[in-house]
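1. no sequence for this one, just the structure:
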């Protein structure tokens, strides 16, 4: 419950600040959705994907094109592109998920690069480097969320919904099967877990989240270009996952918020900004090697100590 | 009819014949031990039976069905569950969660039931939890259920692996050297657990180096040497078998056993 309160407080604080702060927070929550999905594949299941940006691109461009050119409802476009991304994930994942470790990482990296190239070269569809503008803001049934503050509220609700779904899925037979693959594929097989199938499902779930994040990005900014879904997105999301705590429920959200806010908070340091940012990231990883969510163990320990003392 | 029947099973790795034309049956409710010197092909035999390698030739039938060359997860789903010589725990999870995963084979439900949490699913979760607790009590780990699995001492990790396999309610349990690396007391505790599993009606095949353990709990023994079955019989028959003595036990060890 504590993380939910923290997120709501943070969003409330954002709503009282400038539109600039709201935009930064908006990015943070879009990334939180992306990372919560990636956590299924990389955290719970223990696999590597460097190509999840591909599905964000499908969602982003899909929503942009469907809404700007064909006048679709944002929500309908979001769901339709999620279905499309899910299908793409099945088609790509079925052969590639036979690979393991570094090979899987390379194959998924290629997937990200291929989609990146497509967004640049297929100019008829994507308008190439020019990018795609004029994407309407989020809305439902004709009612549009015109201000960024309204949109931030929607993003927070969606991010919390994403975490709630992840939490339900993790605490089930399904989630345990994923965790068994991360723990030991040999042991998972010996207990009857069809690991190829579960890896594929985790990959598809990650793709659905990524696609939704891509669509939300398009609506939030109103403009997308190939760089948005490039390698930077992948690296950024990895930093968030590891900093926040990979394989934990709230880690991806915590990581997304910190990694998004930190550079902005350090803006006053001018040329020292990047150095300070990197130093803080390293500092956190040294003292919380399992990510910030891993520190909750400390609280529990203190709590238990207090109870024993009492 | 035998629960497991291995017929003329041969496994070759290039020029090396790890198993050569091995045949034996395991009856329902039996506790069979497979022994043999290092490199005799015991673990290869387990890997073939549990589907991790297909045999080069021969067949494996489990519960009347041909499972030769079937993938390991489907063999496990059929009720043939194994443990490993080197402990394979889900190290990052708690002791309790390790056992809960074991119930995969005997439970159902996927993404949608996890999301919607229908009644049956909630009941199932409760019983998975309850059964994990009972199994941990059974092997004497109930006080450590919230500990991360790799924080357990080695001997207890072994017991946890057994408890996890039991959560799958196996019809046939394959234990690959469960006493490896255990001290005398731990081995005794383990022997007690294995006998209780067996008395509870589970068929067990045990690969083991610890002769005193094997002689104490096994009803029947299959002896392998250089990939071949050289003897099969009750512990007393095996103790007296000249080929076995020559190949493996040796005179002095016999006196101890």
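-> Cool, got the structure. In this text the structure is predicted, and so the values were computed from the model without any measurement.
2. would you tell me which helix is longest in the chain?
-> All of this refers to chain A. helix A:195-221 (DSSP state H).
3. wait, chain B
-> helix B:119-139.
4. quick one, the helix or strand in which residue A:30 is found and helix A:195-221 angle?
-> Residue A:30 is part of helix A:19-39, with elements assigned from DSSP states H and E. Interaxial angle, helix A:19-39 versus helix A:195-221 (axes from the mean of the first three to the mean of the last three C-alpha atoms, to 10 degrees): 170 degrees.
5. any idea which helix or strand comes after the helix or strand harbouring residue A:83?
-> For residue A:83, the host element (DSSP H and E) is helix A:74-96. Helices and strands here follow DSSP H and E; after helix A:74-96, the next one along the chain is helix A:101-121.
6. hmm, back to that, wondering if the longest helix of chain A reaches chain B at all.
-> Yes: for helix A:195-221, a contact with chain B is found by C-beta under 8 Å from any C-beta of the partner chain, at A:195, A:201, A:205. To be clear about C-beta, it is placed using only N, CA and C from the backbone, and glycine gets the same treatment.
7. nearest to residue B:125, of those?
-> Using C-beta to C-beta, residue A:201 comes nearest to residue B:125 of the residues of helix A:195-221 next to chain B, at 19.2 Å.
8. that closest one contacts residue B:114, correct?
-> No: checked against C-beta atoms under 8 Å, the pair residue A:201 and residue B:114 is beyond contact range at 11.0 Å.
9. which non-adjacent residue is nearest the residue of chain A found nearest chain B?
-> Closest residue of chain A to chain B, C-beta to the nearest C-beta: residue A:183 (2.8 Å). What sits nearest to residue A:183 in space, not counting adjacent residues and going by C-beta to C-beta, 6 or more residues apart in numbering or on different chains, is residue B:90, at 2.8 Å.
10. what's the answer for residue B:27, then?
-> residue B:2 (5.6 Å).
11. right, and residue B:176 touches residue B:47 too?
-> No: the pair residue B:176 / residue B:47 is not scored as a contact, 9.1 Å apart, by C-beta under 8 Å.
12. residue A:1 - how many residues pack around it?
-> Residues within reach of residue A:1, counting by other C-beta atoms under 10 Å in any protein chain shown, total 5.
13. ok, residue B:188 next?
-> 15.
14. for the one 3 residues further on, same thing?
-> Other residues within reach of residue B:191 by the criterion other C-beta under 10 Å amount to 20.
15. one step back: which ones are touching the residue nearest to residue B:27?
-> Counting by C-beta atoms under 8 Å, 6 or more residues apart in numbering or on different chains, residue B:2 touches B:25-28, B:61.
16. tell me the phi and psi of it?
-> Dihedral pair for residue B:2: phi -70, psi 150, per degrees, to the nearest 10.
17. go on, residue B:234?
-> According to degrees, to the nearest 10, residue B:234 has phi -70, psi 160.
18. and the nearest residue to it once chain neighbours are set aside, bridged to which residues?
-> Once flanking residues are discounted, residue B:234 sits nearest to residue B:220: 6.1 Å by C-beta to C-beta, 6+ apart. Listed by DSSP bridges, the beta-bridge partners for residue B:220 are residue B:32.
19. tell me how many other residues surround residue B:220.
-> Neighbour tally, residue B:220, other C-beta under 10 Å: 18.
20. what separates stretch B:201-210 from the chain centre, distance-wise?
-> Computed by C-alpha atoms, centre = their mean, to the nearest Å, the separation of stretch B:201-210 from the middle of its chain amounts to 6 Å.
21. what does it contact?
-> For stretch B:201-210, contacts defined as C-beta under 8 Å, 6+ apart pick out B:3-4, B:26-35, B:42-43, B:46, B:85, B:166, B:170-180, B:187, B:194, B:197-198, B:214, B:217-218.
22. in it, which residues are buried?
-> Buried residues in stretch B:201-210, defined by neighbour count with 16 or more other C-beta atoms under 10 Å in any protein chain shown: B:202-208, B:210.
23. confidence-wise, which of those residues comes last?
-> Least confident of the buried residues of stretch B:201-210 in the model: residue B:210, at 79.
24. how close does the residue of chain A closest to chain B sit to residue A:170?
-> According to C-beta to C-beta, to the nearest Å, residue A:183 stands 14 Å off from residue A:170.
25. of the two, who's got more company?
-> residue A:183 (23 against 20).
26. per-residue pLDDT, the more buried one?
-> The model's pLDDT for residue A:183 equals 92.
27. same check on the one 5 residues further on?
-> For residue A:188, the pLDDT comes out at 94.
28. got it, and residue B:111?
-> 91.
29. how about the contacts made by it?
-> Neighbouring residues of residue B:111 by C-beta under 8 Å, 6+ apart: A:169, A:174, A:201, A:205.
30. quick revisit: in the longest helix of chain A, which residues are buried?
-> Neighbour-count burial for helix A:195-221 flags A:195, A:198-221 (criterion: 16+ other C-beta under 10 Å).
31. over to stretch A:281-298?
-> Buried residues in stretch A:281-298, counting neighbours by 16+ other C-beta under 10 Å, are found at A:281, A:284, A:288, A:290-294, A:296.
32. check stretch B:98-108 too.
-> So stretch B:98-108, judged by 16+ other C-beta under 10 Å, has buried residues B:98-107.
33. need the contact partners of that stretch.
-> For stretch B:98-108, the external contacting residues (C-beta under 8 Å, 6+ apart) are A:173, A:176-177, A:179-180, A:183, A:188, A:191-193, B:76-77, B:79, B:81, B:89-90, B:93, B:124, B:128-129, B:131-132, B:135-136, B:149, B:160, B:163-169.
34. report pLDDT for the residue nearest to residue A:203 when sequence neighbours are not counted.
-> Spatial nearest neighbour of residue A:203, excluding adjacent residues (C-beta to C-beta, 6+ apart): residue A:93 at 4.3 Å. Note on residue A:93: pLDDT of 89.
35. quick check: residue A:93 vs residue B:181, distance?
-> The gap separating residue A:93 from residue B:181 is 39 Å, by C-beta to C-beta.
36. out of the two, which sits in the more crowded spot?
-> Comparing residue A:93 with residue B:181 by other C-beta under 10 Å, the one with more neighbours is residue A:93, at 24 against 15.
37. for chain A, what is the nearest residue in the stretch 151-257 of chain B?
-> residue B:168 (5.5 Å).
38. what ranges do the strands span in chain B?
-> Counting by DSSP state E, residue ranges of the strands within chain B are B:4-13, B:16-26, B:31-35, B:57-62, B:65-66, B:80-82, B:172-176, B:203-207, B:220-225, B:228-233.
39. okay, now the sheet partners of the longest one, with direction.
-> To tie it back to what came earlier, the one meant is strand B:16-26. Strand B:16-26 has its sheet partners listed here by DSSP bridges as strand B:4-13 (antiparallel).
40. could you do the last one as well?
-> Looking at strand B:228-233 with DSSP bridges, its partner strands are strand B:220-225 (antiparallel).
41. sounds good, over and out.
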